[in-house]
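The sequence isn't on hand, but the structure is:
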């Protein structure tokens with residue numbers, strides 16, 4: 001599972017050839033979520049503050065995330081994305 005970004009203890013990653021809709025995964029401590037890139041729909045549980053940071057990051061990097069999704073589907077290297085500042 002290629003790591004895309006890390007910030008504030010959150011690790012963001014994607015799986016190669018994962019199922020649609022386009023989404024990414026994130027871990028924070030013992031919690032894990034998947035977040036749809038287009039809608040922001042969250043599956044799983046994580047502290048509210050961590051989810052808020054992920055949503056902010058998702059909105060800023062939407063195009064890069066969609067590009068990485070396409071790369072993952074094609075089994076190409078996934079590019080890192082800048083962390084949340």
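Yep, that arrived. Here the structure is a predicted model, which means the values were calculated and not measured.

Skip the chain neighbours and tell me the closest residue to the residue nearest the centre of the chain.
Most central in the chain under Cα atoms, centre = their mean is residue 24, positioned 3.3 Å from the mean C-alpha point. Spatially, and ignoring its direct neighbours in sequence, residue 24 is nearest to residue 14 (5.3 Å; Cβ to Cβ, 6 or more residues apart in numbering). Quick note: C-beta positions are derived from backbone N, CA and C, even for glycine.

In contact with that neighbour, which residues?
1, 2, 4, 24, 25, 68, 69, 72, 78 (Cβ atoms under 8 Å, 6 or more residues apart in numbering).

Over to the second one: give its phi and psi.
Torsion angles at residue 2 (phi, psi; degrees, to the nearest 10) stand at phi -70, psi 130.

re earlier: can you give me how far whichever strand or helix holds the residue nearest to the centre of the chain is from the chain middle?
Per DSSP states H and E, residue 24 falls inside strand 23-28. The gap between where strand 23-28 is centred and where its chain is centred comes out at 5 Å by Cα atoms, centre = their mean, to the nearest Å.

in its sheet, what does it sit against?
Neighbouring strands of strand 23-28 in its sheet, by DSSP bridges, are strand 10-13 (antiparallel), strand 31-36 (antiparallel).

Output those as a markdown table; include the columns mean neighbour count and mean pLDDT.
Below are the strands paired with strand 23-28 laid out as a markdown table (neighbours: other Cβ atoms under 10 Å; pLDDT from 0 to 100):
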| stretch | mean neighbour count | mean pLDDT |
| --- | --- | --- |
| strand 10-13 | 19 | 98 |
| strand 31-36 | 17 | 98 |
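
In TSV: those, plus distance to residue 83.
Compiled in TSV, those are given as follows (distance: least, Cβ to Cβ, whole Å):
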stretch	distance to residue 83
strand 10-13	9
strand 31-36	16
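
Leaving out chain neighbours, which residue sits closest to residue 43?
Per Cβ to Cβ, 6+ apart, closest to residue 43 is residue 34, 4.9 Å.
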